[in-house]
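Peer 1: Quick one: sequence plus predicted model below, questions after.
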Amino acid sequence: MKSDKDNDKKTSRSDSDSFGLPAEIELPNKLYIVPISGRPIFPGIFTPLMINNQEDTKVIEKACDDDNCIGIVMLKNDVDKPTLADVYDVGTVARIIKKINLPDGGINVFVSTLERFRIRKSLSDSNPMVAAVEYLDDEDIKKPEVKPLTRALISEMKEVSENNPMFSEEMRLNMVNIDNPGKIADFIASILNIEKEEQQKVLETVNVPERMQQVLVYIKKEQEILRVQKKIQNELNDRVEKNQRDYFLREELKSIQEELGISTDPKTSDYHKFKEKIDSFNFSGEIKEVLDTELEKFNLLDPHDPEYNIERNYLDLVCNLPWNDRPVENYNLEDAKKVLENDHYGLEDVKKRIMEYLAVRRLKHDGKGSVLILVGPPGVGKTSVGRSIANAMHKEFYRFSVGGEHDEAKIKGFRRTYVGAMPGQILEGLKITKSKAPVFMIDEVDKMNASHQGDPSAALLEVLDPEQNVNFRDTYLNLPFDVSNVFFILTANTLDTIPRPLLDRAEIIELSGYIDQEKIEIAKKYLLPKNLAKNGLKKNQVKFTKAALSLIATEYAREAGVRNYEKCIDKINRKMIRELVEDYEKTHESVKFPTIDDIKVDEIKAVGDAKSDSKKDSDKKPVDENELKQKKLREEQEKVSAEEAKKISAAFAKKTFTVDVAEVRKYLGKAVFDESQIKTASVPGTAIGLAWTSMGGDTLLLESIAFESSKGGLQLTGQMGDVMKESAQIAMNWVKQYAISHKIKDGEWFEKNTVHLHIPEGATPKDGPSAGITMATTFLSLLMNKKIKANLAMTGELSLTGQVLPIGGLREKTVAAKRNKIKTIIIPKANVRDLDEIPAHVKEGIKFIPVSRVEEVVKEVF
């Protein structure tokens, strides 16, 4: 760095002689400063400057009158009236070569930039800006690394210039002809597409090797950008070329297909297919108008339009619905009865009701308005009864569940404005069955929930109502469709949670649980053959003794249905098969499965090559050896496995097995239900009641004790509902007045003692009024210190005046009593009419005692 404070001028040896200037130029130590807002200008460049600012124009005029030299410095930030504080300290001194006045008042000057300078002192901060400067010479220009850096710059820049069309041939020649290493770095920095702050940093670097290294880094960045740009450009070109190629091929294919009379456009093909199908339905009125509009809309849509597929799916649904299907009642009662008898054991009342229903349909020759609700605990065969009805009527069967549903769109579909919209289950079922009169089974209707998305039960009302379903409108289709010929069968575990309007539209058929004898017969006729086939055994290859089947029913599967019963049989068969297979493997040589090492790739390739000889080279895909080996290994292992399964099956084919009580205990383990779990009223203060739940009938053991307490009164435990609590209070009050009037206890005793009533299985919620007489009996047994008769149970609602009121679910309660070895049941007199609905084999061995008042109960129980 050099500074001359004593002399007014500095001598500069510049490359500007190439512009016709003298080789040595005297540079002033004070300069008029011209701020620029673009990029910095490097020394050794001949360039024009456009001056539009009036103040800058005056500076140029003064410089021309003085020594023709100006200092060009870049602004740090764009400002309207810059001062020296707003410009960088380092700039470039330039000599004005030519000045041209412009019509708008501005001037265009051509300058030759000479050297770097640094502002040393401000002489005038603005209007005009004048500064004392010191000139900056290049440093370390003779260092040995300068030469290789120069070659690297020229070489790397050559690669950039060849790949960037922005670099002209003149730029390349100028770069090669410059012999000053510092000027080469300056020239390259001035033409690189880098930030102006980075260019300013290069301008401020006087150490030549450092400057050259900086520029090399910027060149490398530029090369990387060019590489990415080139990659993107190539991919774009490939895509454009492929699209063009595909376009020409499609046009050529279209021409060939037109010559052959084949439809060319998939969209046109779909349009004609939809139109032909819709025309064949011979629609009229609203449906015709809407579908004509939809077809025209589909024809105008571009296949790439998002609405295209929505419209196509809609028309596809319309074309696949059975608009013109004619329902036919092509069955007779005798065949229908055979199907029901073959598919189900027992359920005589259910079969009778179904046959009556089918007879009415047969007479009317019309199935409109047919709705059944099958109600019963889990596992009693509701779904299988529905399937049997469909088989008996020779109709298609479609089932779906609405359990837990809280959106009416499940029934009526979604609006087409939503993404992924689809029709409801009603239309979906009609589309799948392709019939206008199928059998629809809607499961779990007692478990629907209303929400902000609608009420599914309310949507079902329109579907099931014979006055409305003639013109049922699915929200997705939004056209009237007749679903009145559909035979709807609903299933539920309880009627309590089903809305009353829904029940009014259906015929209710109740399926009670099975007693042990029925379960044994069901197992023999249906469950055993089905399970043997499921586990790979032949019919009659495994036989269960009657004692074994009875043991499963009494100790392992005592619930109302046969689902757990079937699981027990399946478990026994699985465990037995496992023992047999293990014994077989002990007595026979262990099978050896091939491994990946046994597979030879050459043989696979040979087969593959033979198959692909006919293919074009362009159609052949690269072969993945590992994938080929894995595929061949799976084939070989499956072959060995199949052969081994045949051998094991052949070894067992002639053997038969008998499962008796010992095998049942061995395979099923400890009994789930034993004799100790049979409820008995063995001490005073206890009684057995009968209850009905969604799982079927059940027995309840009520327990009571008394203890001294100043408060007196009644204490209740066992998760009783409000209705049951009220029944307990009614029973307690009636027993209190009865005990006082019959001198069993006096009033003082009730004031000094608290009676505690508990119903075991406290985790299970209980409610209902039918335990009224059972509670009263429990309290009397406690007060009288007497046990009730053995094997006796009761059910009936108690009024405050001692009347015994009727109850529901007598059939289910009787089945539960039968399972628990009850011999006598006390029932309300008003329920005697319900005894006719209970099968004779269920009532067999049970004595029913009808009562109308609780005093009659007292006479019978003690």
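Peer 2: Nice, I can see it.
Peer 1: Tell me the helix or strand right after the helix or strand Asn243 falls within.
Peer 2: According to DSSP states H and E, Asn243 maps onto helix 208-260. Using DSSP H and E, the next helix or strand after helix 208-260 towards the C-terminus is helix 266-280.
Peer 1: buried ones in that next one?
Peer 2: Across helix 266-280, burial judged by 16 or more other Cβ atoms under 10 Å covers 267, 270-271, 274-275, 278. Every residue, glycine included, has its C-beta placed from N, CA and C.
Peer 1: Show me the contact partners of the helix or strand that comes right after it.
Peer 2: Counting by DSSP H and E, the next helix or strand C-terminal to helix 266-280 is helix 285-300. With contacts defined as Cβ atoms under 8 Å, 6 or more residues apart in numbering, helix 285-300 is touched by 270-271, 274-275, 278, 283, 308, 311-312, 314-315, 318, 478-480.
Peer 1: run the last query once more with 7 Å
Peer 2: 271, 274-275, 278, 283, 311-312, 314-315, 318, 479 (Cβ atoms under 7 Å, 6 or more residues apart in numbering).
Peer 1: Tell me the buried residues in it?
Peer 2: 287, 291, 294-295, 298.
Peer 1: Output those residues in TSV, with distance to Asp465 and pLDDT appended to each entry.
Peer 2: As requested, the buried residues of helix 285-300 are exported to TSV (distance: Cβ to Cβ, whole Å; pLDDT from 0 to 100):
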residue	distance to Asp465	pLDDT
Ile287	21	90
Leu291	26	91
Glu294	28	90
Leu295	32	90
Phe298	34	87
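Peer 1: which one of the residues you listed sits closest to Met724?
Peer 2: Nearest to Met724, judged by Cβ to Cβ, of the buried residues of helix 285-300 is Ile287 at 55.6 Å.
Peer 1: Relative to Pro480, how far out is that closest one?
Peer 2: Distance of Ile287 to Pro480, given as Cβ to Cβ, to the nearest Å: 7 Å.
Peer 1: Kindly report the same for Ala706.
Peer 2: Ala706 is 69 Å from Pro480, by Cβ to Cβ.
Peer 1: cool, and Thr92?
Peer 2: Going from Thr92 to Pro480 by Cβ to Cβ gives 85 Å.
Peer 1: For whichever strand or helix holds Met576, which outside residues touch it?
Peer 2: Secondary structure from DSSP H and E places Met576 in helix 563-587. Residues outside helix 563-587 that contact it (Cβ under 7 Å, 6+ apart): 378-379, 519, 523, 527-528, 531, 535, 537, 542, 552-553, 556-557, 648, 651-652, 657, 659, 663-664, 667-668.
Peer 1: Among these, which lie within strands?
Peer 2: 542, 657, 659 (DSSP state E).
Peer 1: Are any of those residues buried, and if so which?
Peer 2: Buried members of those, scored by 16+ other Cβ under 10 Å, are 542, 659.
Peer 1: how close does the residue nearest to the spatial centre of the chain sit to Leu477?
Peer 2: Nearest to the mean C-alpha position of the chain, by Cα atoms, centre = their mean, lies Gly420 at 12.6 Å. Distance from Gly420 to Leu477, counting by Cβ to Cβ: 16 Å.
Peer 1: for His304, same thing?
Peer 2: To Leu477, His304 is 26 Å away according to Cβ to Cβ.
Peer 1: Among those two, which residue is more densely surrounded?
Peer 2: More neighbours surround Leu477 than the other of His304 and Leu477, with 21 against 6 (other Cβ atoms under 10 Å).
Peer 1: Provide a list of residues in contact with the more buried one.
Peer 2: So Leu477 contacts 317, 413, 423, 427 (Cβ under 7 Å, 6+ apart).
Peer 1: Looking at the chain, which strand is longest?
Peer 2: Taking DSSP E as the criterion, the chain has its longest strand at strand 107-124.
Peer 1: Since that was my last question, I'll sign off now.
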